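In: build me a structure from this.
(4 chains)
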Number of protein chains: 2
Amino acid sequence: MQEHKKLPRASVLRMELYLELLEQLEANGQQSVTSAELGAATGISAVKVRQDFFHLGSEGKPKIGYEVSQLASLIRSVLDLETPKNACLVGLGNLGRALAASDIWARAGFRLAAIFDRDQKIIGTEAAGVRVRNITEFFGVVKAEGIAAGVITVPAPDAQEAGDLMVGAGIRAIWNFAPVTLRVPDDVVVENQSLAWGLITLSYAMKSDKDKNHTAL
Amino acid sequence: MQEHKKLPRASVLRMELYLELLEQLEANGQQSVTSAELGAATGISAVKVRQDFFHLGSEGKPKIGYEVSQLASLIRSVLDLETPKNACLVGLGNLGRALAASDIWARAGFRLAAIFDRDQKIIGTEAAGVRVRNITEFFGVVKAEGIAAGVITVPAPDAQEAGDLMVGAGIRAIWNFAPVTLRVPDDVVVENQSLAWGLITLSYAMKSDKDKNHTAL
DNA sequence: ATCTAATCGTTAAGTAATTAACGAAAGCGG
DNA sequence: CCGCTTTCGTTAATTACTTAACGATTAGAT
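Out: Numbers count the residues shown, from 1 in each chain, chains lettered A, B, ... in the order given. Now for the predicted structure:
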C-alpha cells in the first residue's frame, strides 16, 4: 500500500460517485464490492477504479474486493468530509438560494453559517433557516463564527470584491461561481465552477455532431 | 493557421472567460488585445491563451495582438453559441429554479422551451415564464418544440429514468446534475456537473493545507 | 494441502494537456 | 528603407492523467 501523497484532481471528483454508491450498497447490507462491480455501477472503468483506490491507499482483498463500509470511511476520511467546517455565502440570488437549500453542505462536512448580501431588500430575509446579513458585517461575523470557507454567488463584476473581502477576513478556501479568475494570494485555494460550463460544452458538442453527420453525407 | 479539428475540453471551458472579457473590452471600445493582456486579466498564462487561440484557428497579428470583436465572434462561432437551440429541464427543485432563472441560456444560444416535473404540486406553476408540465407529456412536447438538449435536475435515484426518457424522445445532448453516471447510447453526449464538486474539492484542499502546516511544525 | 480462478496492487505504456522555446511577421524609430 | 523590438504561430518538451499489463494474493474446491 502506498502512503498517499496527493490525490489527482480528476480522482477527487470521482470520489463523490463512489461514495454515493457505497452508501447505497451499505444500506442494502452488501459487505464487499469488486472494482468491476463498482465500475459497472458508476460507469467508470474498473482499472480507473482500482487506480483511484490505489491513490487513496486502498485495502482491498483479492478474490473478494473492497469492504464497503471501510472503503466509504476511507474516502470520507481522506477527503476530510466529516470534520465540521463553517462556510459563508455571499450573494443571495437564485443560485445562492438553491445552494443554501441544498443538502451538499452536510454531505461534505460543511455548515452554512452565514449569508451576506448588499441589497437592502434581501438583507434580513432568510434562506435555509439562515438570516441574511449586510455585507458590512462580513468581517465580524466571519471571525465570530469561525468561518473557514466562502462561496461567491454574486454577479461577475462584483466577484473580485467579494473575494478580497474573504481574503481580508482570513478565509483561505473559496468556491467561486462567477466567470472570472480571482486574484488571491498563493495560500488561498480557489475552486471555480461556472454554471455555464455545461451549456457551452453541450453547444460545442452538438455542433460537432452536426458536422460529423455533414461530412458523412 | 491550423484547420481546427477538435478543441481540447479544458480549452473549451476557458472560452467562457475569454468571451466574458472580450465583450467587456468591446464595450470599452478597445480594438485589439495581446495574449499577455488577456492572460493578465483572466489569470490564464499567456502561453495557454495563445495555444487556445491556435486551436481555434486564430488570426492574431504580431506586435498588435488579436482584434477584439473578431476574436469574440470566432469563439462564438466555433462553440456555436449563436445558433438557436431548444432545451428542456426535468425536475424543478431549487437548482432547477435557479437554472431556469439564470441568463446562461441566452448566452449559449439556448432557449428554455419546456420544464417538466412529476409532482402535482409543481405542475402548472411557472418558472422564468415557462409553465411546468407533467412529465407524462414529455415525448409530445419535445417533438412539438423541437427540443435538442435536456437538463436533469432531479434527485439522484430518478436521474437514469429522466435520461432514458430523453434518449427515447430523441434528445442527444444531456446536462446532468445528479451524482450518477447515466447509461446512454454512444451517440448521446452527456455533460456531468455535480453541485457538490466544489465543496468536496475544498474540503480536501483545506485538509491538505492543515497537513502542510502540521508537518511544518 | 494443493490447485484453480478471481481480483487486487503496482509498475509501465500510452494519451492528453500544459508549459517552454523559438523562428517569422509586423509595427516603429531613425 | 533598415534594423530593433514586440508578439504571434507552431513545434517540442514536460507534466498529468488514463489505460494496459501482469505478478501476487487469497477464497474455495477437491
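
In: tell me the contacts of the residue nearest to A:Phe139 when sequence neighbours are not counted?
Out: Excluding its sequence neighbours, the residue lying closest to A:Phe139 (CB to CB, 6 or more residues apart in numbering or on different chains) is A:Ala169, at 5.1 Å. Every residue, glycine included, has its C-beta placed from N, CA and C. Listed by CB atoms under 8 Å, 6 or more residues apart in numbering or on different chains, the contact set of A:Ala169 reads A:Phe138, A:Phe139, A:Val142, A:Lys143, A:Ile147.

In: check A:Pro179 too.
Out: Residues near A:Pro179 by CB under 8 Å, 6+ apart: A:Ala156, A:Ser194, A:Ala196, B:Glu16, B:Leu17, B:Glu20.

In: that one: what secondary structure?
Out: coil (DSSP: H, G, I helix; E, B strand; the rest coil).

In: do I have it right that A:Leu17 meets B:Val180?
Out: Yes: between A:Leu17 and B:Val180 there is a contact under CB atoms under 8 Å: 7.1 Å.

In: shared neighbours of these two, anything?
Out: Shared contacts of A:Leu17 and B:Val180, defined by CB under 8 Å, 6+ apart, are found at A:Thr42.

In: check the contacts of A:Ala169 for burial and list the buried ones.
Out: Among those, the ones that count as buried by 16 or more other CB atoms under 10 Å in any protein chain shown are A:Phe138, A:Val142, A:Ile147.

In: nearest to chain B, of those residues?
Out: Nearest to chain B out of those is A:Ile147 (CB to the nearest CB; 12.0 Å).

In: kindly report the domain assignment for chain A.
Out: Domain segmentation of chain A under automatic domain parsing yields A:9-79, A:85-197.

In: out of the contacts of A:Ala169, who's nearest B:Leu25?
Out: Closest approach between the contacts of A:Ala169 and B:Leu25, by CB to CB: A:Phe138, at 30.8 Å.

In: I'd say the closest one and A:Asp117 touch.
Out: No: A:Phe138 is beyond contact range of A:Asp117, at 10.6 Å (criterion: CB under 8 Å).

In: now list whatever residues contact both of the two.
Out: Common neighbours of A:Phe138 and A:Asp117, using CB under 8 Å, 6+ apart, are A:Val90.

In: what helices or strands is the longest strand seen in chain A leaning on?
Out: Ordering each strand of chain A by length in residues (DSSP state E) puts strand A:110-117 first. Where contact means 3 or more CB pairs under 8 Å, 6 or more residues apart in numbering or on different chains; DSSP states H and E, strand A:110-117 is packed against strand A:85-90, helix A:94-101, helix A:104-107, strand A:130-134, helix A:138-145.

In: what does chain A put close to DNA strand C?
Out: Contact residues, chain A versus DNA strand C (CB under 7 Å from any atom of the strand): A:1-2, A:34-36, A:46-47, A:50-51, A:53-54, A:58-66.

In: which of the residues you listed are buried?
Out: Among those, those classed as buried by 16+ other CB under 10 Å are A:Thr34, A:Ser35, A:Arg50, A:Gln51, A:Phe53, A:Ser58, A:Gly60, A:Gly65, A:Tyr66.

In: show me what the last one bridges to in the sheet.
Out: For A:Tyr66, the residues forming beta bridges with it (DSSP bridges) are A:Val33.

In: just to check, it is in contact with A:Phe54?
Out: No: in terms of CB under 8 Å, A:Tyr66 does not count as a neighbour of A:Phe54; the distance is 11.5 Å.

In: low-confidence ranges, chain A, go.
Out: Flagging of chain A using pLDDT under 70 yields the residue ranges A:1-4, A:212-217.

In: switch to 90 and redo it
Out: The model of chain A has pLDDT under 90 over residues A:1-6, A:58-59, A:208-217.

In: get me the contact residues on it for DNA strand D.
Out: A:8-11, A:45, A:47-48, A:50-51, A:61-64.

In: for those residues, give me JSON lines that also has secondary structure.
Out: Shown next, in JSON lines, are the residues of chain A next to DNA strand D (three-state DSSP):
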{"residue": "A:Pro8", "secondary structure": "coil"}
{"residue": "A:Arg9", "secondary structure": "helix"}
{"residue": "A:Ala10", "secondary structure": "helix"}
{"residue": "A:Ser11", "secondary structure": "helix"}
{"residue": "A:Ser45", "secondary structure": "coil"}
{"residue": "A:Val47", "secondary structure": "helix"}
{"residue": "A:Lys48", "secondary structure": "helix"}
{"residue": "A:Arg50", "secondary structure": "helix"}
{"residue": "A:Gln51", "secondary structure": "helix"}
{"residue": "A:Lys61", "secondary structure": "strand"}
{"residue": "A:Pro62", "secondary structure": "coil"}
{"residue": "A:Lys63", "secondary structure": "coil"}
{"residue": "A:Ile64", "secondary structure": "coil"}
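
In: okay, now A:Leu25: neighbour count?
Out: A:Leu25: 19 surrounding residues under other CB atoms under 10 Å in any protein chain shown.

In: for A:Ala100, same thing?
Out: When neighbours are counted by other CB under 10 Å, A:Ala100 registers 21.

In: thinking again about what came up before, which of the domains of chain A is buried the deepest?
Out: Ranked by mean neighbour count, those are led by domain A:85-197 with a mean of 19 (mean count of other CB atoms under 10 Å in any protein chain shown).

In: quick one on the thing from earlier: for the contacts of A:Ala169, which one is nearest DNA strand C?
Out: Set against DNA strand C, the nearest of the contacts of A:Ala169 by CB to the nearest atom of the strand is A:Ile147 (30.2 Å).

In: please tell me I have it right and A:Ala128 contacts A:Ala114.
Out: No: contact criterion CB under 8 Å: A:Ala128 and A:Ala114 do not qualify, at 11.5 Å.

In: joint contacts of those two?
Out: By CB under 8 Å, 6+ apart, no residue touches both A:Ala128 and A:Ala114.

In: who's in contact with A:Ala173?
Out: By CB under 8 Å, 6+ apart, A:Ala173 lies in contact with A:Ala148, A:Ala149, A:Gly150, A:Val188, A:Val189, A:Glu191, B:Leu202, B:Ala205, B:Met206, B:Asp209.

In: just the residues you listed: which are in strands?
Out: A:Ala149, A:Gly150, A:Val189, A:Glu191.

In: can you tell me which of those is nearest B:Ser77?
Out: Of these, the one sitting nearest to B:Ser77 (CB to CB) turns out to be A:Glu191, at 30.4 Å.

In: wait, isn't the closest one in contact with A:Thr181?
Out: No: the criterion here is CB under 8 Å, and A:Glu191 misses it with A:Thr181 at 11.9 Å.

In: and for A:Lys207, the neighbour number?
Out: There are 18 residues near A:Lys207, going by other CB under 10 Å.
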